[in-house]
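Enquirer: Starting from these lines, generate the structure:
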Amino acid sequence: MESRSSSSNRRGLSGAAEPRASGRQTARRSLRCTSAASAAGSIAALLPSLAAAAGFDATHLSLAWGIPFLAMLLSIALGPMLAPHFWHAHYGKVSVGLAALFAVPFALAYGGSTAFAQVVHAMVAEYLPFVVLLGTLYCVAGGIHVRAEYPPSPMLNVSLLAVGTVLASIIGTTGAAMLMIRPIIRANAMREHRVHVIVFFICLVANAGGALTPLGDPPLFVGFLRGVDFFWTAQTMAGPTLVLVLVLLVLFWLIDRFVFGSRPLTPSAMEPVPSIVIQGALNVPLLAGAVGAVLMSGVWKTGVEFDVAGTAVPLQDLVRDAILIGICALSLRTTPTQVREANGFTWGPILEVVKLFVGIFITIIPVIAILRAGGDGSLGALVRLVEPGPDGSPDALYFWLTGLLSAFLDNVPTYLVFFNLAGGDAHTLMTEQGRTLLAISAGAVFMGALTYIGNAPNLMVKSIAEEAGIAMPGFFGYMAWTLAILLPAFALVTWLYFPL
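Expert: Next up, the predicted model:
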């Protein structure tokens, strides 16, 4: 790695050095390039998939380059169902193989240096920070054992879901999901039918609950970095979030009441002594410290970067990752073994995410590149649907297109693409175009629940539930649940806030 200050020249993502010039022209160009690169690198290094396609011209990139990504999605969907033994033994190899299926032909078509730069960017600026953050939150939350000894009931489940939903905007959807998933699994341990509990948990705690602050979900944090006021999110998103959460909680209570009534528990299981016990409490401030480290990296600008094969890695992001790794190590060292054993803590769920997302982060490169090419790219017809007309911006389309793409692609670049299509000026988007920014924000956060890969904690919650003996549905089975639950709720949100 090569250390340099923000006034140094930056190499392109293709790895080729920029042409040299002399005098005042060189200084001006260096300053402009470095400023733009530093701003883009700061955001890209923080959250997944923001600039992986910036180093090559994607305007003529064919949709055929997305085939490995489609194969990745289908393997996650069909592998556990059609070949469960092979999948569970070799899904990591499948992930790496599909990544190579994109990277090798791409290197032949666009040159080895360009392909290398794209893969390095995806791994260094996107994948590693993603894994470090998720791994830390998983480790720390796994050291907090919450045992609520109350009689099992639909109202207890609603209360746990409500608490997790509120926490999601404070400590992020990943932190809240990792903290609350095991208590809600234990609260339903004696029940036969539990899949609906986990599905609603993903919809509420792992997604919708993170809509009220920039700390809640990555796309909102990126909006904050682009100039959206911290409290604008809570003030504006409160309405649609409250509608969606109330609809989902009422629907869950009706379903859970029916299931609970049709499958009564044994008398001994229904009469515990009411109490709440929290073990591993030291991990609570560690969890707050992890959230603080992420916030710090977004607001502290050092002006110092490190170059890794053309990818700029800001110093503040390295500091953030070092803090997160230290927090994880401290949690492992200080948490008693019996606390993690009581949680049923294993490294299996996070290892599954680590292996699968290698393939996702690499195969998604051309898809994001095409999307970022806007109206000139292969998805230009789709992008042009949201161009402002004589009656203003089509906010309903912003909501649905941002949301549906976020369900299958990374919601951060999707948010940024539509943020820029709407003008890209935060002040204007918060005032004259406030409803448009609301539509983009709500779509990116809410619809991440539609698939297992729509938001980072979804797949981890699924894995933890399966480790606890809950037979979770496959990729398409889960989508059948979420489409039935969420589409009517999203239609209501559209009718109330984004009328056609």
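
Enquirer: Can you classify residue 276 by secondary structure?
Expert: strand (DSSP: H, G, I helix; E, B strand; the rest coil).

Enquirer: For residue 225, the count of nearby residues, please.
Expert: Residues near residue 225, counting by other Cβ atoms under 10 Å, number 18. (C-beta placed from N, C-alpha, C; glycine too.)

Enquirer: My error: substitute residue 242 in the last question.
Expert: Neighbour tally, residue 242, other Cβ under 10 Å: 12.

Enquirer: Look up which helix or strand it falls in, please.
Expert: Secondary structure assigned from DSSP states H and E places residue 242 in helix 230-262.

Enquirer: Mind listing what's buried along that helix?
Expert: Neighbour-count burial for helix 230-262, counted by 16 or more other Cβ atoms under 10 Å, picks out 232-234, 236-237, 240-241, 244-245, 247-249, 251-253, 255-256, 259-260.

Enquirer: which residues in the chain form strands?
Expert: Along the chain, counting by DSSP state E, strands occupy 2-5, 145-149, 275-279, 304-308, 311-314.

Enquirer: and the first one, what's its mean pLDDT?
Expert: Translated: strand 2-5. Across strand 2-5, pLDDT averages out at 39.

Enquirer: before we move on, what about the last one?
Expert: Across strand 311-314, pLDDT averages out at 90.

Enquirer: Show me what it is packed against.
Expert: Applying 3 or more Cβ pairs under 8 Å, 6 or more residues apart in numbering; DSSP states H and E, one finds that strand 311-314 contacts helix 23-46, helix 112-121, strand 304-308.

Enquirer: Determine which of the ones you listed shows the lowest mean per-residue pLDDT.
Expert: Here those differ in mean pLDDT, and the lowest is helix 23-46 at a mean of 43.

Enquirer: show me where pLDDT drops low in the stretch 401-500 of the chain?
Expert: Within the stretch 401-500 of the chain, no stretch has pLDDT under 70.

Enquirer: all helices of it, in order?
Expert: For the stretch 401-500 of the chain, the helices defined by DSSP state H, counting those that start in this stretch cover 411-421, 426-430, 434-446, 456-467, 475-497.

Enquirer: which ones are touching the closest residue to residue 447 other than its chain neighbours?
Expert: Leaving aside its chain neighbours, residue 447 sits nearest to residue 403 (3.0 Å; criterion: Cβ to Cβ, 6 or more residues apart in numbering). For residue 403, the contact set (Cβ atoms under 8 Å, 6 or more residues apart in numbering) comprises 442, 443, 444, 446, 447, 450, 490.

Enquirer: if I look at residue 403, how far off is residue 162?
Expert: Going from residue 403 to residue 162 by Cβ to Cβ, to the nearest Å gives 23 Å.

Enquirer: go on, residue 442?
Expert: For residue 442, the distance to residue 162 equals 20 Å [Cβ to Cβ].

Enquirer: which of the two has more neighbours?
Expert: Comparing residue 442 with residue 162 by other Cβ under 10 Å, the one with more neighbours is residue 442, at 28 against 15.

Enquirer: residues contacting the nearest residue to that one once chain neighbours are set aside?
Expert: Once flanking residues are discounted, residue 442 sits nearest to residue 240: 5.2 Å by Cβ to Cβ, 6+ apart. Applying Cβ under 8 Å, 6+ apart, we find residue 240 in contact with 211, 438, 442, 446, 493, 496, 497.

Enquirer: Also residue 132?
Expert: Going by Cβ under 8 Å, 6+ apart, the list of residues near residue 132 reads 321, 324, 325.

Enquirer: can you tell me which of those lies nearest to residue 174?
Expert: Checking the contacts of residue 132 against residue 174 with Cβ to Cβ, the nearest one is residue 324 at 12.1 Å.

Enquirer: Just give the number of residues close to that closest one.
Expert: Around residue 324 there are 24 other residues, counting by other Cβ under 10 Å.

Enquirer: On the pLDDT front, check it for me.
Expert: 94.

Enquirer: and if you look at residue 122?
Expert: 88.

Enquirer: swap in residue 260?
Expert: So residue 260 comes in at 79 (pLDDT).

Enquirer: how far away is it from residue 499?
Expert: Using Cβ to Cβ, one obtains 38 Å as the distance from residue 260 to residue 499.

Enquirer: now residue 481
Expert: 28 Å.

Enquirer: of those two, who's got more company?
Expert: The neighbour comparison of residue 481 against residue 499 (other Cβ under 10 Å) goes to residue 481, with 20 against 9.

Enquirer: doesn't residue 473 make contact with the more buried one?
Expert: Yes. Using Cβ atoms under 8 Å, residue 481 is in contact with residue 473, at 6.5 Å.

Enquirer: Need the residues touching each of these two.
Expert: Residues touching both residue 481 and residue 473 by Cβ under 8 Å, 6+ apart: residue 195.

Enquirer: follow-up on the earlier one: ranking the helices of the stretch 401-500 of the chain by burial, who's on top?
Expert: Of those, the one with the most neighbours on average (mean count of other Cβ atoms under 10 Å) is helix 434-446, at a mean of 27.

Enquirer: Taking helix 475-497 as reference, get the angle to that one.
Expert: Angle between the axes of helix 434-446 and helix 475-497 is 160 degrees (criterion: axes from the mean of the first three to the mean of the last three Cα atoms, to 10 degrees).

Enquirer: count of residues packed around the closest residue in space to residue 142 that isn't next to it in sequence?
Expert: In this structure, residue 142 finds its nearest non-sequential neighbour in residue 345, 4.3 Å apart by Cβ to Cβ, 6+ apart. Counted with other Cβ under 10 Å, residues neighbouring residue 345 total 21.

Enquirer: And residue 345, what's its pLDDT?
Expert: pLDDT, residue 345: 85.
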